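Engineer: Mind folding the following:
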Amino acid sequence: MITCMEKRERDMSTSSNPNNIVFVDGCRIPFQKPATGYRHFKVQDLARFAIRGLLDRTRIHPDEVDHVIFGSVTPTFSDDNPARTAALGAGLPATVQAHTVTMSCLSSNQAITSGIEKIMTGQAEVVIAGGADISSGAIQRFLRYEQKSKETTGPTGKSRGWMSQIRSFRPSDLLPNTETGHPPAVAPGISVASDTERADRIASLFGVSREIQDAYTVRSRQSAIKAENSPELNDERIPVAGPPDFTPVTSDNGCYEDSTPEKLAKHKPIHNPHHSTVTKGNSAITTDGASAVLIMTRSKADELGFAPQVELKSYVYTAASVTREQKQDSTEHAVSRDDSVPEARPGQYPGAALAIPKLLDQNRITLSDIDVFEIHEASAAEILGLLSALSDDEFANKQLGKKEAIGSIPMKKLNPSGGTLAIGHPPSATGTRLVTTAAHRLSREKGKLALIASGTADGMGHAMLLEKIIPNQ
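Structural biologist: A predicted model of the protein is given here:
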């Protein structure tokens, strides 16, 4: 059942319906800190690795794929449609259509739901969806010298001479080539507030202390360390090797070193030292990475001989108004030393806090019906604020129009192998990572329903419901 197409709901209400959209399998490459394992690659390379890995893992014939949809947030500079380049590089036929989407941290979520809609409207039968991001080397491509060197070429593209370029060089040419003069960054343009400023507001709004944030971060990272040494990651992660030395990248290299309360306590608040509780230690880092999933109808999976893992049962998107706020001095924070916390607006809540209740309502279920939760952890404040919002009567009344709170998510069901705080966050790849992880968890834990959810700093949220497919059902 795809909630955006109500006329299909009755036809897709059971897992045995041949028109149901199913997840066959998914994979991701190891997530890497910028300028480390993938410093020699471009975003289309990472996407290609994920697509090729998915083809190898599922053994689907390339001719069976109809469309590739990939999300990407970071600028590509050299390619205006990296999904197409990656698809061809991975060995798919030139007849396979491909396009790139961007929706901030929901980019691969949008890729997979766009694939669902293509299948449901008869435009495709088999879709590969995913996302890839790489920030390594992005700043260098913004240097003024690069632009200046282009200006010293003639109309035919040939250089006017090395001496001309050398004489024209100035130290300021090493500064970023942007209107503001600041290094480029991936950030929403609607609100002046940054991700960490917004996280601080959420922490203040729900009374989430620094100690609680650090404790949750320790939980996420210790869980990831434990999972790193277990075989379960082989269900979703594939190694990568490439030029110049073809040294395999086999593991994530995120924030594992800051995995004890003592180490996290050493981090200083990012903003106002008197009130800020969000630090670099209890926030997710933006990493390089890619992920991909293979989706199709149940009948197509049967035709091709696949045993799909889950049905992509339902999904929703939400958006809340985000008011542009006055730019603050860098020494101040959203919660000033003397001012009280202003009344919260919907855009100040975690985006998933609106999406999850909507998903539950449309499927007439409650949180207690869910066996597996995989939720994006942009920061400890964000995820803890989400948990608080769902269990808060006032939030339910004022923001959702409900009399009682949505309920509580048991911690044992939430991100038990670590989340974004530990693994890292390629903005365009996290969504399909969540789907893949949740699907494999349903198999391992013998659950029936899984819920994945994400939010963005610009007020948008997404949630999706997955249902385990029982063989011969």
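
Engineer: Is it correct that residue 451 is in contact with residue 463?
Structural biologist: Yes: with contact defined as C-beta atoms under 8 Å, residue 451 counts as touching residue 463 (6.4 Å). No exception for glycine: its C-beta is placed from N, CA and C like everyone else's.

Engineer: Now do the end-to-end distance for stretch 302-318.
Structural biologist: Taking C-alpha to C-alpha, to the nearest Å, the span from the opening residue of stretch 302-318 to its closing residue is 34 Å.

Engineer: same question, stretch 243-258
Structural biologist: Distance across stretch 243-258, first residue to last, is 30 Å (C-alpha to C-alpha).

Engineer: Give me the buried positions along that stretch.
Structural biologist: 249, 252, 254, 255, 256, 258 (16 or more other C-beta atoms under 10 Å).

Engineer: returning to that earlier point: between residue 451 and residue 463, which has more neighbouring residues?
Structural biologist: Higher neighbour count among residue 451 and residue 463: residue 451, with 29 against 26, using other C-beta atoms under 10 Å.

Engineer: how far away is the more buried one from residue 409?
Structural biologist: Applying C-beta to C-beta, to the nearest Å, one obtains 9 Å for the distance of residue 451 from residue 409.

Engineer: where do the contact lists of those two overlap?
Structural biologist: Counting by C-beta atoms under 8 Å, 6 or more residues apart in numbering, the contacts common to residue 451 and residue 409 are 370, 373, 375.

Engineer: Dump the residues you listed to JSON lines, plus secondary structure and neighbour count.
Structural biologist: Listed next are the shared contacts of residue 451 and residue 409 as JSON lines, based on DSSP: H, G, I helix; E, B strand; the rest coil; neighbours: other C-beta atoms under 10 Å:
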{"residue": "370", "secondary structure": "coil", "neighbour count": "22"}
{"residue": "373", "secondary structure": "strand", "neighbour count": "23"}
{"residue": "375", "secondary structure": "strand", "neighbour count": "24"}
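
Engineer: so who does residue 96 touch?
Structural biologist: For residue 96, the contacting residues are 62, 65, 66, 67, 68, 87, by C-beta under 8 Å, 6+ apart.

Engineer: my bad, should have said residue 443
Structural biologist: Residue 443 sits next to 309, 468 when contact means C-beta under 8 Å, 6+ apart.

Engineer: Likewise for residue 442?
Structural biologist: With contact set as C-beta under 8 Å, 6+ apart, residue 442 has these partners: 309, 310, 371, 372, 448, 449, 450, 466, 468.

Engineer: Quick check: it vs residue 435, distance?
Structural biologist: When C-beta to C-beta is the yardstick, residue 442 and residue 435 sit 11 Å from each other.

Engineer: picking that back up, of the contacts of residue 442, buried ones?
Structural biologist: Using 16+ other C-beta under 10 Å as the burial test, the contacts of residue 442 include 309, 310, 371, 372, 449, 450, 466, 468 as buried.

Engineer: what does the average pLDDT come to for stretch 53-63?
Structural biologist: Averaging pLDDT along stretch 53-63 gives 98.

Engineer: Please apply the same query to stretch 27-42.
Structural biologist: Mean pLDDT, computed over stretch 27-42, is 94.

Engineer: where exactly do the helices run in the stretch 51-200 of the chain?
Structural biologist: 82-89, 107-120, 144-151, 162-168, 195-206 (DSSP state H, counting those that start in this stretch).

Engineer: residues of the longest one that come out buried?
Structural biologist: Spelled out, that is helix 107-120. Going by 16+ other C-beta under 10 Å, helix 107-120 has these buried residues: 107-116, 118-120.

Engineer: Could you dump those into a markdown table with pLDDT and distance to residue 321 added?
Structural biologist: Written out in a markdown table, the entries for those read as follows (pLDDT from 0 to 100; distance: C-beta to C-beta, whole Å):
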| residue | pLDDT | distance to residue 321 |
| --- | --- | --- |
| 107 | 97 | 22 |
| 108 | 97 | 25 |
| 109 | 98 | 21 |
| 110 | 98 | 20 |
| 111 | 98 | 26 |
| 112 | 98 | 26 |
| 113 | 98 | 23 |
| 114 | 98 | 25 |
| 115 | 98 | 29 |
| 116 | 98 | 27 |
| 118 | 98 | 30 |
| 119 | 98 | 33 |
| 120 | 96 | 30 |
